[in-house]
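Undergrad: sequence-free structure coming up:
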């Protein structure tokens, strides 16, 4: 038995693909069992417990008592779980879960710790979380992030640029990142198995009220600052002016005041739907927007939206410096690389369905668990 720890993350489509689907794949392909230990806020604990255990029965969901500031107290329940399960290895999602795993290894409760690094946490604090009143200081974040890196037996990162950032920020020699491996954010089964046909695409457009000759942009994002929702809305007004057939599907929990569309309200479909109900919107679109600020957080990222857009056959309109993906869009002709300040000047036309099939195939080839089977085996299968 092995253990996977998640700290301060509620269930989402991202958790489904990056954790639950991954652990299910490891069990089916390599016969390695993982117990999932998730810490969530006290207010959401009962609801999240029901969701996680319905999605992954081999899981324990516990509340964070006292808030994230006292994350280290959670070593007590971690040690109890380890006493019962005796895991050979523990994988920690991000820095806090990994430090908890390292404490357990120090006491002989496990033999190997894997740091599943999801982003540049210290940079995220400087650029976003600090101004939002995050209760943990930058100095503490830097110390925890560095310890997660140098005291783990193996490190996973979502992009090459993330590893470059880590080595530069913490003055690490390349060999200090023991067993470093890159596994980007991959597709969940919902997108991989979608019924992608031209007929279904037309039906999806009709159901939403889109005309066959309209060019449809999809912007699917949260209200998180780094997803640049505030920059997209004003730019779209100018795009509407120069593209008379242009429509926008905006799937976001950060509601935009309709007055910002300046007379183009009828061109915008704005909604926030359950993750299980998004496929119709993706299928109806022609382009996916992945426009973000030029920050370190975004430069080292591997947004799962990129793979989801491709799997839906969408050309991606992407900022110049998003992880390893901006260069990939150029190299593979997967869309347009557009500076945030110039997005409002591009002219768009509907791509052919044949091109949509080509783009979807790229996603199926490059963003499924099977593509990274060797990396996943190396990282998640304990070697005696």
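TA: Thanks, I have the structure now. None of the values given here were measured: they were computed from a predicted structure. Numbers count the residues shown, from 1 in each chain.
Undergrad: continuing past the strand or helix carrying residue 359, what's the next helix or strand?
TA: Per DSSP states H and E: residue 359 is located in helix 353-366. Note on helix 353-366: by DSSP H and E, the next helix or strand toward the C-terminus is helix 373-380.
Undergrad: list the buried residues of that following helix.
TA: Of all the residues in helix 373-380, those buried under the rule 16 or more other Cβ atoms under 10 Å are 376, 378, 379, 380. Backbone N, C-alpha and C define where each C-beta goes, glycine included.
Undergrad: mean confidence for it?
TA: Averaged across helix 373-380, pLDDT comes to 90.
Undergrad: thinking again about what came up before, between the buried residues of helix 373-380, which is nearest residue 220?
TA: Of all the buried residues of helix 373-380, residue 376 has the smallest distance to residue 220: 26.1 Å, by Cβ to Cβ.
Undergrad: contacting residues for the closest one?
TA: 22, 25, 26, 29, 183, 369 (Cβ atoms under 8 Å, 6 or more residues apart in numbering).
Undergrad: same list (the residues you listed) but as JSON lines, adding pLDDT.
TA: JSON lines is the format used below for these (pLDDT from 0 to 100):
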{"residue": "22", "pLDDT": "95"}
{"residue": "25", "pLDDT": "94"}
{"residue": "26", "pLDDT": "96"}
{"residue": "29", "pLDDT": "94"}
{"residue": "183", "pLDDT": "92"}
{"residue": "369", "pLDDT": "90"}
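Undergrad: which of those count as buried?
TA: By 16+ other Cβ under 10 Å, these give 22, 25, 26, 183, 369 as buried.
Undergrad: ok, the second one touching residue 369?
TA: Yes: with contacts counted by Cβ atoms under 8 Å, residue 25 reaches residue 369, the gap being 4.3 Å.
Undergrad: mind listing what's buried in the helix holding residue 359?
TA: 356, 358, 359, 360, 362, 363, 364, 366.
Undergrad: now stretch 86-104
TA: 87, 89-104.
Undergrad: so of these, which ones are in helices?
TA: Residues of those located in helices (DSSP state H): 94, 95, 96, 97, 98, 99, 100, 101, 102, 103, 104.
Undergrad: now the closest residue to the fourth one other than its chain neighbours. Its backbone dihedrals?
TA: In other words, residue 97. Leaving aside its sequence neighbours, residue 97 sits nearest to residue 5 (Cβ to Cβ, 6 or more residues apart in numbering; 3.9 Å). Taking degrees, to the nearest 10, you get phi -110, psi 130 for the backbone angles of residue 5.
Undergrad: contact partners for residue 5?
TA: Counted by Cβ under 8 Å, 6+ apart, residue 5 has contacts 37, 38, 39, 78, 90, 91, 92, 93, 97, 98, 100, 101.
Undergrad: quick one: the last one from residue 109, how far?
TA: For residue 101, the distance to residue 109 under the criterion Cβ to Cβ, to the nearest Å works out to 9 Å.
Undergrad: go on, the fourth one?
TA: As judged by Cβ to Cβ, residue 78 and residue 109 stand 8 Å apart.
Undergrad: with the third one instead?
TA: Relative to residue 109, residue 39 is positioned 17 Å away (criterion: Cβ to Cβ).
Undergrad: out of these two, which sits in the more crowded spot?
TA: residue 39 (25 against 19; other Cβ atoms under 10 Å).
Undergrad: hang on, the more buried one in a helix?
TA: No: looking at residue 39 with DSSP: H, G, I helix; E, B strand; the rest coil, it is strand, so not inside a helix.
Undergrad: what pLDDT does it get?
TA: At residue 39, pLDDT is 98.
Undergrad: residue 7 versus that one, what's the distance?
TA: 5 Å.
Undergrad: distance-wise, check residue 285 relative to residue 249.
TA: Distance from residue 285 to residue 249, by Cβ to Cβ: 6 Å.
Undergrad: overlap of the contact sets of the two?
TA: With Cβ under 8 Å, 6+ apart as the test, residue 285 and residue 249 both reach 216, 217, 218.
Undergrad: center of this protein - which residue?
TA: Among the residues of the chain, the one closest to the centroid is residue 304, at 4.2 Å (Cα atoms, centre = their mean).
Undergrad: I'd assumed residue 73 was in contact with residue 66.
TA: Yes: in this structure, residue 66 is within contact of residue 73 by Cβ under 8 Å, at 6.5 Å.
Undergrad: flag every buried residue along stretch 148-162.
TA: 148-149, 151-159, 161-162.
Undergrad: could you list the residues in contact with that stretch?
TA: Contacts for stretch 148-162 (Cβ under 8 Å, 6+ apart): 89, 92, 95, 98-99, 102, 112-120, 163, 166, 170, 172, 176-185, 299-302, 323-324, 375, 378-379.
Undergrad: for it, give the mean pLDDT please.
TA: Per-residue scores along stretch 148-162 average to 93.
Undergrad: picking up where we left off before, the nearest residue to the residue nearest to the centre of the chain once chain neighbours are set aside: what's it in contact with?
TA: Closest residue to residue 304 apart from its sequence neighbours, by Cβ to Cβ, 6+ apart: residue 185 at 3.8 Å. Residue 185 sits next to 14, 17, 18, 158, 302, 303, 304, 306, 307 when contact means Cβ under 8 Å, 6+ apart.
Undergrad: which helix or strand contains residue 114?
TA: strand 112-116.
Undergrad: that strand pairs with which strands?
TA: strand 89-93 (parallel), strand 154-157 (parallel) (DSSP bridges).
Undergrad: show residues contacting that strand.
TA: 88-95, 98, 101-102, 104-105, 148-149, 151-156, 379-380, 382.
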